[in-house]
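Participant: Make a model of this:
(chains A and B)
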2 protein chains.
Amino acid sequence: MSKPRLTPLAKSLPASVPFVGPEAQERALGAPFDVRLGANESVFGPSPRVIEAMSKAAGETWMYGDPENHDLIQALAAHHEVSPKNVMVGEGIDGLLGYTVRLFAGPGDAVVTSEGAYPTFNYHVAGYGAELHKVPYKDDHEDPDALLAKARETGAKLIYLANPDNPMGTWLSRDVIHRMIADLPEGALLILDEAYLDTAPDGAIPEISVDTPNILRMRTFSKAYGMAGARVGYVIGSEENITAFNKVRNHFGMNRVSQAGALAALADQAYLKDVLARIADARERIAEIARENGLEPLTSATNFVTIDCGSEGDFAREVLANLIDLGVFVRMPFVAPQDRCIRISCGPPEHLAVFANALPKALEKVRTQS
Amino acid sequence: MSKPRLTPLAKSLPASVPFVGPEAQERALGAPFDVRLGANESVFGPSPRVIEAMSKAAGETWMYGDPENHDLIQALAAHHEVSPKNVMVGEGIDGLLGYTVRLFAGPGDAVVTSEGAYPTFNYHVAGYGAELHKVPYKDDHEDPDALLAKARETGAKLIYLANPDNPMGTWLSRDVIHRMIADLPEGALLILDEAYLDTAPDGAIPEISVDTPNILRMRTFSKAYGMAGARVGYVIGSEENITAFNKVRNHFGMNRVSQAGALAALADQAYLKDVLARIADARERIAEIARENGLEPLTSATNFVTIDCGSEGDFAREVLANLIDLGVFVRMPFVAPQDRCIRISCGPPEHLAVFANALPKALEKVRTQS
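Facilitator: Purely as a prediction, here's the structure:
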């Protein structure tokens, strides 16, 4: 009995994981984390109306979700003042990024991103055999000029830009994004990952005609709306590009309970506004904690704050390891020079107090050892 | 501003939908269906413990689900008496079929299935550019000899077989499956879609060593467990094949609430047993309704009954259209000669009563017109 044959591409891929989950770390540690501030989830949780809608929908879980996501798409279209034909719902931005790469970038096609940007996008690019080209960050911001130059040089079919940025929390102004869009090279599609746009200042929000054929804007219920576990993302774009998702998406892939939850979340904008205020407070508190420990917080447009630990990557990695040992789940950028930082998700004061208590200990331990 | 460039493969694909959802039909009809007996969902619903677990987990939906699906995989491995390394959880069998095709069948590779078998599998095969070869059913059963012969002829990398079968509800005996496995051609992987195995007689359940390198068994919480909307499927196979899913799967694609629900479902085997008894009763009642109307029910090993309407496909299509108009959501096989049938999902007596009331009217209307 012979072995089945993986495709040459599949054979070449590592059985890798873009991120290790906190649960795996907890199993390794043998204890749950005291606070969970590492995955940019919203510790504030979803609206009580979301929980109510999901609990109610649990009894309907015997039914497949509507494969057209009709009600949610109608609501999103109304919310964004676009046509339902300009919106596609998918299994989180992660799922939608996978579909986008699959649609536009085949084996050998060039794709451009920033060195240290979202690893799951890179995972999808590798997974479809496309060739990833990276440009460095510039002063802890993604660098549109460098991205465009690299796209021109390589004839890229896709350009990935997160605004606001993850893992640095920085953002580019509307004008910079507008100029970038105007300069997009022939045949390149810009994936604008706006997972964190809800928490960004108005000046970071570009005005983009929804019919623009070479832009896809990705949004999510995972961050400010507090529904990471529900896997609901959506993409806004031209009708032609949106229709293309129907060629490859898992039509019955959406969860029925999540559809109900997202609809309730969108309807409760008052709760979102309240959470945004609490996120703003938390950003200030995290920055304060950083400064109290002699570290420099980066100004954040997201639901997390990236803290410059003021030394090389190895120093930050040790600080992070100590925080983990102290029961504080946080993460950090993977590559230099951003890896001199650690990244703390926003949360309620009592969660940040745990971090405030742990950080000096974590730093002390590294400083004593070195 | 030029258009982005779809890959040649993506360009060639239709923006098609394997199935139109009942919600889309309801929107077209302008009214909800009276009963929902078309998608082989479990109208009996999930265990109350599942609903309780999902409601409780709704408050935790701000957290991503464990990307390793650790607890669920441990429980499934214990349930099936295999190692956790032999189990992978995914976004329904639909999602797992997509990953499997992606791993094993690239552009131009041959894949074999039956004419009229699961269209979503065909959708994935087309979506990855592989070449689908079909063999006819034999007496309303999938035909292992024909599948094997075609696989040999085409050098197929994948063979798809659902046992029990959808859309006919028939099954192959354990011995037939064992012989088929023994005869699998070199380098071919058998995808054994066992979505309906929970409702099958013991004699349909093959004994397959979990280390067999050329078989993947697909199972789901969507059918007997009553959790179609939760999107939880899993695959059992050799460690090497299971590990391969980590090359391409959407690691954070699983819903946290669904993970909790599936765990509760698996733990409540008493509820499953009760549902299986109710499904058996419903099968008998559907068969009885068919006979009362002069139609022939096929013996079913699934949670639905396929009814031979005794004429050509056009006749059955009209019967189906009339049932839809009468507020009864049912479906039917897509291709001849199976399309002489309609397919009714099991449900509680009061739901079947609605069907029993509608069927003679639907038949009468066709007979009067023709």
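Participant: model confidence over stretch A:113-127, on average?
Facilitator: When the per-residue pLDDT values of stretch A:113-127 are averaged, the result is 97.
Participant: er, stretch A:78-94 actually
Facilitator: The average of the pLDDT scores along stretch A:78-94 is 98.
Participant: Restricting to C-alpha, output stretch A:18-30 in CSV.
Facilitator: Extracted C-alpha coordinates of stretch A:18-30, given in CSV (Å, rounded to 0.1, in the frame of the first residue of the first chain):
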residue,chain,number,x,y,z
PRO,A,18,1.7,31.3,12.4
PHE,A,19,1.1,31.9,16.1
VAL,A,20,1.1,29.5,19.1
GLY,A,21,-2.1,30.0,21.0
PRO,A,22,-2.2,31.0,24.7
GLU,A,23,-3.9,27.7,25.5
ALA,A,24,-0.8,25.8,24.3
GLN,A,25,1.4,28.1,26.4
GLU,A,26,-0.9,27.4,29.4
ARG,A,27,-0.6,23.7,28.9
ALA,A,28,3.2,24.0,28.7
LEU,A,29,3.2,26.1,31.8
GLY,A,30,0.8,23.8,33.6
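Participant: is chain B contacted by that stretch?
Facilitator: Yes: Stretch A:18-30 comes into contact with chain B (Cβ under 8 Å from any Cβ of the partner chain), by way of A:18-21, A:23-24, A:27. C-betas here are computed from N, CA, C, even on glycine.
Participant: From the residues you listed, which land in helices?
Facilitator: A:23-24, A:27 (DSSP state H).
Participant: can I get these in CSV with pLDDT and distance to A:Phe355?
Facilitator: Converted to CSV, these look like this (pLDDT from 0 to 100; distance: Cβ to Cβ, whole Å):
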residue, pLDDT, distance to A:Phe355
A:Glu23, 96, 20
A:Ala24, 95, 21
A:Arg27, 96, 22
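Participant: picking up where we left off before, please convert the residues of stretch A:18-30 next to chain B to a markdown table, extending it with neighbour count and distance to A:Met332.
Facilitator: Written out in a markdown table, the entries for the residues of stretch A:18-30 next to chain B read as follows (neighbours: other Cβ atoms under 10 Å in any protein chain shown; distance: Cβ to Cβ, whole Å):
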| residue | neighbour count | distance to A:Met332 |
| --- | --- | --- |
| A:Pro18 | 16 | 15 |
| A:Phe19 | 17 | 12 |
| A:Val20 | 13 | 13 |
| A:Gly21 | 22 | 16 |
| A:Glu23 | 21 | 19 |
| A:Ala24 | 15 | 17 |
| A:Arg27 | 15 | 21 |
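Participant: Show me which of the residues you listed is closest to B:Ala57.
Facilitator: Nearest to B:Ala57, judged by Cβ to Cβ, of the residues of stretch A:18-30 next to chain B is A:Glu23 at 13.8 Å.
Participant: wouldn't that closest one be in contact with B:His70 here?
Facilitator: Yes: the pair A:Glu23 and B:His70 passes the contact test of Cβ atoms under 8 Å, sitting 6.3 Å apart.
Participant: buried stuff in stretch A:37-56?
Facilitator: Across stretch A:37-56, burial judged by 16 or more other Cβ atoms under 10 Å in any protein chain shown covers A:37-47, A:49-51, A:53-56.
Participant: same deal with stretch A:337-346?
Facilitator: Taking 16+ other Cβ under 10 Å as the basis for neighbour counts, the residues of stretch A:337-346 that come out buried are A:338-346.
Participant: Now do it, average pLDDT.
Facilitator: For stretch A:337-346, mean pLDDT is 98.
Participant: Please see if it touches chain B.
Facilitator: No: Stretch A:337-346 lies out of reach of chain B by Cβ under 8 Å from any Cβ, never closer than 10.6 Å.
Participant: just stretch A:73-85 next, same as before
Facilitator: No: contact between stretch A:73-85 and chain B, assessed by Cβ under 8 Å from any Cβ, is absent, since the two come no nearer than 10.6 Å.
Participant: now stretch A:123-136
Facilitator: Yes: judged by Cβ under 8 Å from any Cβ, stretch A:123-136 and chain B are in contact via A:Gly127.
Participant: Kindly report the same for stretch A:319-335.
Facilitator: No: under the criterion of Cβ under 8 Å from any Cβ, stretch A:319-335 makes no contact with chain B; the nearest approach is 10.6 Å.
Participant: before we move on, what SS does the one residue in the stretch 101-250 of chain A that gets nearest to chain B have?
Facilitator: Taking Cβ to the nearest Cβ as the measure, the stretch 101-250 of chain A has A:Gly229 as its residue closest to chain B, at 3.0 Å. Counting by DSSP: H, G, I helix; E, B strand; the rest coil, the backbone at A:Gly229 sits in helix.
Participant: contacting residues for it?
Facilitator: Taking Cβ atoms under 8 Å, 6 or more residues apart in numbering or on different chains as the contact definition, A:Gly229 lies against B:57, B:60-65, B:255-257.
Participant: could you redo the last one with a cut-off of 10 Å?
Facilitator: Applying Cβ atoms under 10 Å, 6 or more residues apart in numbering or on different chains, we find A:Gly229 in contact with A:41, A:46, A:92, A:222, A:258, A:261, B:57-58, B:60-66, B:252, B:254-260.
Participant: And the pLDDT for the closest residue to it other than its chain neighbours?
Facilitator: Of all residues not flanking A:Gly229 in the chain, B:Arg256 sits nearest, at 3.0 Å (Cβ to Cβ, 6 or more residues apart in numbering or on different chains). Predicted confidence (pLDDT) at B:Arg256: the value is 98.
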